[in-house]
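Chemist: My questions are about this predicted structure, shown below with the sequence.
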Amino acid sequence: MAIFIYSFIFASTFIWVYFLIGTAFPFGVTYYKQWQTRKAGEMSSHLERSFIFVEKQREILLTLFPIGFAILGGVIVRKPLALVIGFLVGLMLPSLLIKVAWQNRIKKFRGQLVDSIMILSSCLKAGYSLFQAIEVLCDEMPPPVSQEFGLVLKENKLGVSLEESLRLLRKRIPLEEMNLLISSILVAKETGGELTKVFSRLTETIRNNLKLKDKISTLTLQGRLQGAIMAFLPIGFAWFIYQQNPHHFDVMLETQMGKSLLVGAVLSQLIGMYLIKKISTIKV
């Protein structure tokens, strides 16, 4: 029952605020609608790059997240700070979700790349042309490989050369392994090299590279985990103490010395997180 009441209050407040702003601040609403259209266009391009197709009206609804989360935070927590935090969460959440989806797609593509090259190599050894080998690849492999190479075939059928389609694929998938594959195909086609031998060496190179990256990721896992724990430990500790004694941090928030120490602690925490991230990040 409480959830229903909060939902009703949230919906009513959202509609009331939207029409109130539209009546009192028409310029602000015009600017916000322009921002909505621009943001929806950016989201649309990122989603289409991940082969996620959403209707335009739903993309615009994603841009209402900042206002929606701000009102929801204010209704539930009933403090002005909750409005700001809710607005910031709603502002970052859609972009964060799209970024995570894109990173997962790239990771999945990298995992399928070795098998894809082996299929291309087998087809070429059987006497298929490169175009026919890509068709077999699209039939045999699951997404995202089948989707990306399927787009190469569609572009070729519309009049785009195979070389240009592969270059566009290299731009869509910004992976070092993908750059090696496309560059090898283009060089072999220009110089008349044997693609089957190139693919065999390339498969071994990519496999060793992926093993090395996995090993480095495992070795640096402890450092990254420590960084995450150290980042959230002060927040969790402060929340726990606040629940036990809400006035415990009054000296930190009401005195100049306390505020200075608090700012210094936050800056030190951010610097520490940055240094841990730099130390645990190794480029291969």
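Modeler: Okay, I see it. Here the structure is a predicted model, which means the values were calculated and not measured.
Chemist: which residues of the stretch 151-284 of the chain score low on pLDDT?
Modeler: 283-284 (pLDDT under 70).
Chemist: swap in the stretch 1-150 of the chain?
Modeler: 1-83.
Chemist: Around residue 144, count how many other residues there are.
Modeler: 18 (other C-beta atoms under 10 Å). Using the backbone N, CA and C atoms, a C-beta is placed for each residue, glycine as well.
Chemist: That one contacts residue 107, correct?
Modeler: No: contact criterion C-beta atoms under 8 Å: residue 144 and residue 107 do not qualify, at 10.0 Å.
Chemist: and the residue most central in space within the chain, which of the three is it?
Modeler: For the chain, the residue sitting closest to the mean C-alpha position, by C-alpha atoms, centre = their mean, is residue 99 at 1.2 Å. The local conformation at residue 99, judged by DSSP: H, G, I helix; E, B strand; the rest coil, is helix.
Chemist: ok, it to residue 93 distance?
Modeler: The gap separating residue 99 from residue 93 is 11 Å, by C-beta to C-beta, to the nearest Å.
Chemist: now swap in residue 218 and tell me
Modeler: Residue 218 sits 30 Å away from residue 93, going by C-beta to C-beta.
Chemist: So if I had to pick from these two, which one is more boxed in?
Modeler: Shown here are residue 218 and residue 93; by other C-beta under 10 Å, residue 93 has more neighbours (14 against 9).
Chemist: element containing the more buried one, please.
Modeler: Element membership for residue 93, per DSSP states H and E: helix 80-125.
Chemist: What residues does residue 262 make contact with?
Modeler: Shown in contact with residue 262 (C-beta atoms under 8 Å, 6 or more residues apart in numbering): 252, 253.
Chemist: Please report how far it lies from residue 228.
Modeler: From residue 262 over to residue 228 the distance is 22 Å, taken as C-beta to C-beta.
Chemist: Show me what counts as buried in stretch 162-176.
Modeler: By 16 or more other C-beta atoms under 10 Å, the buried positions in stretch 162-176 come out as 162, 165, 166, 168, 169, 170, 173, 175.
Chemist: My understanding was that residue 105 contacts residue 144; is that so?
Modeler: Yes: using C-beta under 8 Å, residue 105 is in contact with residue 144, at 5.3 Å.
Chemist: any chance you could map the helices in this protein?
Modeler: Ranges of helices in the chain, per DSSP state H, are 2-24, 26-49, 56-62, 65-77, 80-125, 130-140, 145-157, 162-172, 176-191, 195-219, 221-244, 250-254, 256-280.
Chemist: tell me the most buried of the ones you listed?
Modeler: Among the helices of the chain, judged by mean count of other C-beta atoms under 10 Å, the one packed with the most neighbours on average is helix 65-77 (a mean of 19).
Chemist: just to revisit the earlier point, could the buried residues of stretch 162-176 be laid out in CSV, adding distance to residue 275?
Modeler: Putting the buried residues of stretch 162-176 into CSV (distance: C-beta to C-beta, whole Å) gives the following:
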residue, distance to residue 275
162, 47
165, 43
166, 40
168, 39
169, 37
170, 34
173, 31
175, 28
